[in-house]
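Chemist: Everything below, folded, please.
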Amino acid sequence: MKRIWALYGKYEELINYLAVGGMTTLISWLTYAACRLIMDVDNAFIMQIAVFLRWFTGVVFSYFMSRRFVFKSKNPKMLREAVDFTTSRIVTLLMDMFVMWLLPTVFKMDDWIATFISAVLVVVMNYILSKFIVFKKK
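Modeler: Numbering: from 1, shown residues only. Below is the predicted model:
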């Protein structure tokens, strides 16, 4: 048991980041499921609203959880930090959209393989942006 706690202590930030990411995914999917129950997602415009709500709730949840449990931020400028966090997530959303255009369209890659590659790139980039820009230690 000591060995497990030692490993956790050594990789605490990364383990917590992955756990928060899993919870963020769950929250996002539950938000989308709720939207499907109360909205007409067969309408293309309404679908985009549901997708935005899914993304937005994921970002808000992830910010507060990452601030508290992953990066343990004590920054008193929470609004600035939240704006930086949201901006970084917009950047990786655009990166995701670009990769999901590039790989299947230009390189004729299977979209599921492209989705996996894009997800890995987004997770890594989100971590880097959060650690070194949003929640950087002074």
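
Chemist: Identify all contacting residues around stretch 99-112.
Modeler: Defining contact as Cβ atoms under 8 Å, 6 or more residues apart in numbering, one finds that stretch 99-112 is touched by Ile113, Ala114, Thr115, Ile117, Ser118, Leu121. Backbone N, C-alpha and C define where each C-beta goes, glycine included.

Chemist: To which secondary structure element is the first one assigned?
Modeler: Here Ile113 is covered by helix 111-129, with elements defined by DSSP states H and E.

Chemist: Could you pull up the contacting residues of Phe98?
Modeler: By Cβ under 8 Å, 6+ apart, Phe98 lies in contact with nothing.

Chemist: do you know how far it is from Val59?
Modeler: 19 Å (Cβ to Cβ, to the nearest Å).

Chemist: before we move on, back to that, chain center to the helix holding Ile113: distance?
Modeler: Chain-centre distance of helix 111-129: 10 Å, with Cα atoms, centre = their mean, to the nearest Å.

Chemist: What average pLDDT does that helix get?
Modeler: In this model, helix 111-129 has an average pLDDT of 94.

Chemist: Grab the nearest non-local neighbour of Thr24.
Modeler: Spatial nearest neighbour of Thr24, excluding adjacent residues (Cβ to Cβ, 6 or more residues apart in numbering): Ser62 at 4.4 Å.

Chemist: which SSE is the one you found in?
Modeler: Assigned by DSSP H and E, Ser62 falls within helix 44-65.
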